[in-house]
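Peer 1: any chance you can model this:
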Amino acid sequence: MTLRTTRRSSLVDQVIDQLRDEIANGVWPVGGKIPPEPVLSETLGVGRNTVREAVRALTHAGLLHSRQGDGTYVRATSELSGAVRRRLEKAELIEILQVRRGLEVEAARLAATRRTDADVAAIAVSLAHRDTAWADGDHAAFVEADLAFHTAVVEATHNRVLTDLYRDFSTALRASIGAAGVLLRHADVPHGPIARAIEAGDAEAATRATHACLDRILASAAPEASEDETVAADLPATAVPGAPEPPPPVGAPGGAAT
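Peer 2: Numbering: from 1, shown residues only. Prediction:
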């Protein structure tokens, strides 16, 4: 941990800032348990009442969640993420995906004109991880890899506001979908065209490819979609009864980038 002894002035505010930093920097990940009150009190050099007040403030802000008799867990990475998560818990999946489309389409357009060589490499690596997770039939890894791909695209915009907003939104999106148990089958939605358009610096093509990706996902999530179309999100096709075999890995004869 990077916690340090605090100054005597504004102790609660200082403790809040330090706890928030640990959460924002991933030292205490979402879903993880923070150190108990006595440990925090000793590490920070403040009384337990001060720690308790700081934890209470962050709980009210939506970053932490206390479980009686168990401890305190990280719920969100920022006040915005906490607020977004609370709002998404009351939203329909189709509404969430429509907002996601707006963010990702604009991100792809900006990324195509602002990406660096490092950004292109990061997008390619995340796409390869996505393909590997799909081929391995690892649903949990695939969802994370798919999110990492889109996050890499957003980071290539070099727009800090958009990046922070997307990170907060995607954290809440994952939690919302997981809690609802409503996930989409869209493992076969091609992502390669998005990566290639960004690498080529073609903003129009990147916009079209991202629109096509999200439009297909939205079509599967629409209320009139059949039950066969509303199964596990990004779930490998081989895991869905009656679904066709997935395409060969990228680079293999006949294989297509996804």
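
Peer 1: which parts of this protein are strands?
Peer 2: Applying DSSP state E to the chain gives strands spanning 64-67, 71-74.

Peer 1: what's the most buried one of those?
Peer 2: strand 71-74 (a mean of 18; mean count of other CB atoms under 10 Å). C-beta here means a position set from N, CA and C on the backbone, and glycine is covered the same way.

Peer 1: sorry, back to before: mean pLDDT and distance to residue 90 added to the strands of the chain, as CSV?
Peer 2: Putting the strands of the chain into CSV (pLDDT from 0 to 100; distance: least, CB to CB, whole Å) gives the following:
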stretch, mean pLDDT, distance to residue 90
strand 64-67, 92, 17
strand 71-74, 95, 21
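
Peer 1: using JSON lines, lay out those together with distance to residue 16.
Peer 2: Converted to JSON lines, these look like this (distance: least, CB to CB, whole Å):
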{"stretch": "strand 64-67", "distance to residue 16": "11"}
{"stretch": "strand 71-74", "distance to residue 16": "14"}
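
Peer 1: show me where pLDDT drops low in the chain?
Peer 2: 4-9, 172, 175-188, 222-258 (pLDDT under 70).

Peer 1: returning to that earlier point: out of the strands of the chain, which is closest to residue 42?
Peer 2: strand 71-74 (16.3 Å; CB to CB).

Peer 1: export that closest one to CSV, keeping only CA atoms.
Peer 2: Extracted as CSV, the C-alpha positions of strand 71-74 are listed here (Å, rounded to 0.1, in the frame of the first residue of the first chain):
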residue,chain,number,x,y,z
GLY,A,71,-16.0,-5.9,6.2
THR,A,72,-15.9,-3.1,3.6
TYR,A,73,-15.6,-3.8,-0.1
VAL,A,74,-14.8,-1.6,-3.1
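
Peer 1: now do it: distance to the chain's middle.
Peer 2: Offset of strand 71-74 from its chain centre (CA atoms, centre = their mean, to the nearest Å): 20 Å.

Peer 1: in terms of secondary structure, what does it contact?
Peer 2: strand 64-67 (3 or more CB pairs under 8 Å, 6 or more residues apart in numbering; DSSP states H and E).

Peer 1: which residues sit against the strand it packs on?
Peer 2: For strand 64-67, the surrounding residues in contact (CB atoms under 8 Å, 6 or more residues apart in numbering) are 23, 34, 55, 58-59, 72-75.
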